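Asks: Sequence and predicted structure are below.
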Amino acid sequence: MTSAPSTDLTVRSESIQKLYTDYLSGLYNVNRRYQRKLVWTVEEKRALIDSILRDLPIPLVLVAEIASPNGTGYELIDGMQRLNAVFSFIENEFDHDGLYFDLEALADTKDRQDRGELKQSPPILSRELSRKIANYVLPISIFRAPDTEQIDEVFRRINSGGRTLSGQELRQAGSTTEIAQLVRVIASRIRGDSSSSDIVPLRKMPDLSINNKHLNYGVDVDSIFWVQQSILRRLDVRISLDEQLILDLLVDCLIDPFPSSGTDTRDTVYGKSDGEEAGTSILEKRVEDRIETYGQQQVEDDFFIIYDEMRAVLEAADEKFVRLVVGRSSGGRYPRYFQAAFLAFWELIIRDGMRVASRAQVARTLRNIGAAKGQLSIPGGGGDWTTEDKRKNINAVKGAIWDGFERTPDRVQDAGRFGLASNLERLLANSVTEQSLCELKQGLLDLTEGSRAFDDQSWEKILQSITAIANDASDTNGYLVIGVADTQADVKRVFALDGVKASTYRGFEIVGIEREAAIRGESLKAYFDWISDKLAGSNLQENLRSQVASSIGLVDYHGRAVVLVKISCPEGPFFYKGNIYERSGSGTVVVPQGEDWRRIYRKFL
């Protein structure tokens, strides 16, 4: 038996008041490679506050000490739900016995109240009890691990025995394999809670979690594709059955002939099967080899080609998936029907190199295919879905939709006129936590009635923002997005002047640029080429100018054309007309000369 690497472990006590100050400073972070989203109900949070008020002990918080740009930081291993419960109560997000924490009982909350960042909700908990909560002492266990693998192992061991975790959550806990990474990334993109970095401040986790009864988190569960289309229920998504479905889909896409879908197969792919001897199983190895050969990014890209095409077909049908395919309006869960349809699309488009010729025709052939007397015969209930039964149902879908497809000589080229709608969704979701890396513009023409000329002043700000994002994004990608309004005033003006109603995604208003092409009397392609030439001939610093001019593309988002410009140039810092710019939240500011310039220079060393 080999011994685990040694760790430097210390335990100390911290008041909630001190923990909250550190929380506001961004010292507590969550690693989304293995951490769960916020899942506690308001009742569970109230129970924790009740324990504090009764002076009952609560479990310690375990963190790993890590280096951060601001000095020493802490990666939460165990205790994320507890800390969030305490801090969200302090910030008046929920009550205890009908009473809300007194914001004036704590210096930090009073300061934030005075600055308008927090608002006191009535009725107010007594000052004495509010201070009792602020002064309550929590035990914090801090360890210094030799590497990230040790942190992963600690998390895995702590969570592997959790009674409240679903089967998929237990598989995913602490797993850093490529299949686990693919499942996590794809699931986050579809839910709309993705982030540009795996390391996220604890303060940002509510923006990346699914709303719950009395807890208005960032992602509306009813807007998530699986729930919206009645494929899975709300509770299913909260306990990660969406990730389980994605795992089943990925295994079937990667392995030919595919195995049965069920608990044993899923556990084996994750290397957690009790029936296997020590070491990597044959199926686990086959999945690893296929991802290595295929390329992890290519698997993700191809998955979303199918996902977006299926959404486009549903849009053409103007029906929810379950209503169209099964003939039912709601109720129950139908993941296997989606699995059969997805794999039929996958095999026709990815494997056979075909494309959808008529989405309306494909939608018509899918109607009631899974109804009581339809062409599908998918068993209900749990248990394994056998290879033979899967193949029979996938073939039934392929046979039904075949006439709506056509041959194309180059599948990759065919996918390239427009980027994927899901790429835009991922970018917008990321910007919730990374506002500084994304600049949104409704368009390039002004919104003055009767004029509609090119907005030179706005273009100048765009070039400043590109420079600022490049200075902030030395180790990641930033984006300029043209065709998404950044204010409600612009949304109203676009509708009033152009008659275009925005398409909404998680509060972002997509208005597109094809309306501007029409105003200029040009085709969309000609207008897009003009924007590309405008960037290529701009006054941006030369290396930055060439990078952004070569990284411009179009996304078709529900009939709205959106321009995406990727900003990713490590050869900085960058100047624009003699000034260095940087982002401040979602805004752009000039960096004063002196020590601040040196700070920007250090980013590129």
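Replies: Perfect, I can see it now. Residues are numbered from 1 along each chain as shown.
Asks: Going by C-alpha atoms from here, please, whenever you check contacts or count neighbours.
Replies: OK.
Asks: Tell me the spacing between the closest residue to Trp40 other than its chain neighbours and Arg127.
Replies: Leaving aside its sequence neighbours, Trp40 sits nearest to Gln81 (C-alpha to C-alpha, 6 or more residues apart in numbering; 6.6 Å). The spacing between Gln81 and Arg127, counted by C-alpha to C-alpha, to the nearest Å, is 25 Å.
Asks: ok, now Ala453?
Replies: Remark: distance between Ala453 and Arg127 (C-alpha to C-alpha) = 58 Å.
Asks: One more: Ile350?
Replies: Ile350 is 63 Å from Arg127, where distance means C-alpha to C-alpha.
Asks: can you check Phe87 too?
Replies: According to C-alpha to C-alpha, Phe87 and Arg127 sit 17 Å apart.
Asks: The two: who's more crowded?
Replies: More crowded of Phe87 and Arg127, by other C-alpha atoms under 10 Å: Phe87, with 19 against 15.
Asks: Could I get the contacting residues of that one?
Replies: Going by C-alpha atoms under 8 Å, 6 or more residues apart in numbering, Phe87 touches Tyr20.
Asks: do the same with Phe454
Replies: Phe454 touches 444-446, counting by C-alpha under 8 Å, 6+ apart.
Asks: mind redoing it with 6 Å?
Replies: By C-alpha atoms under 6 Å, 6 or more residues apart in numbering, Phe454 lies in contact with 444-445.
Asks: about what we covered before: name the helix or strand for the residue nearest to Trp40, please.
Replies: helix 80-90 (DSSP states H and E).
Asks: tell me what the helix or strand that that helix is followed by is packed against?
Replies: Scanning forward in sequence from helix 80-90 by DSSP H and E, the next helix or strand is helix 107-114. The contact analysis (3 or more C-alpha pairs under 6 Å, 6 or more residues apart in numbering; DSSP states H and E) places helix 107-114 against no helix or strand.
Asks: what does the average pLDDT come to for the next helix or strand after helix 107-114?
Replies: Under the assignment DSSP H and E, the closest C-terminal helix or strand after helix 107-114 is helix 127-135. Averaged across helix 127-135, pLDDT comes to 97.
Asks: same for helix 127-135, what does it pack against?
Replies: Using 3+ C-alpha pairs under 6 Å, 6+ apart: helix 127-135 touches helix 16-24.
Asks: at 8 Å instead, please
Replies: Applying 3 or more C-alpha pairs under 8 Å, 6 or more residues apart in numbering; DSSP states H and E, we find helix 127-135 packed against helix 16-24, helix 42-53.
Asks: which non-adjacent residue is nearest Ser458?
Replies: The nearest residue in space to Ser458 (C-alpha to C-alpha, 6+ apart) is Leu444, at 7.3 Å.
Asks: Could you do Arg515 as well?
Replies: That would be Asp498: by C-alpha to C-alpha, 6+ apart, it lies 6.8 Å from Arg515.
Asks: Show me the helices in the stretch 501-605 of the chain, by range?
Replies: With DSSP state H, counting those that start in this stretch as the criterion, the stretch 501-605 of the chain has helices at 514-519, 524-536, 542-549, 595-602.
Asks: rewinding a little: pull the CA atoms of the helix holding Gln81 into CSV?
Replies: Presented in CSV, the C-alpha positions along helix 80-90 are these (Å, rounded to 0.1, in the frame of the first residue of the first chain):
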residue,chain,number,x,y,z
MET,A,80,-19.4,25.6,-0.1
GLN,A,81,-23.1,25.1,0.7
ARG,A,82,-22.7,26.1,4.4
LEU,A,83,-20.7,29.3,3.6
ASN,A,84,-23.1,30.3,0.9
ALA,A,85,-26.0,29.7,3.3
VAL,A,86,-24.5,32.0,6.0
PHE,A,87,-23.4,34.7,3.6
SER,A,88,-26.7,34.8,1.7
PHE,A,89,-28.6,35.1,5.0
ILE,A,90,-26.3,38.0,6.0
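Asks: Quick one: the strands in the stretch 301-450 of the chain, in order.
Replies: Taking DSSP state E, counting those that start in this stretch as the criterion, the stretch 301-450 of the chain contains strands spanning 354-356, 405-407, 438-441.
Asks: Burial-wise, tell me which of the ones you listed comes out on top.
Replies: strand 438-441 (a mean of 23; mean count of other C-alpha atoms under 10 Å).
Asks: The nearest residue to Gln120 once chain neighbours are set aside: neighbour count?
Replies: Of all residues not flanking Gln120 in the chain, Leu103 sits nearest, at 6.4 Å (C-alpha to C-alpha, 6+ apart). The tally of other residues near Leu103 (other C-alpha under 10 Å) stands at 26.
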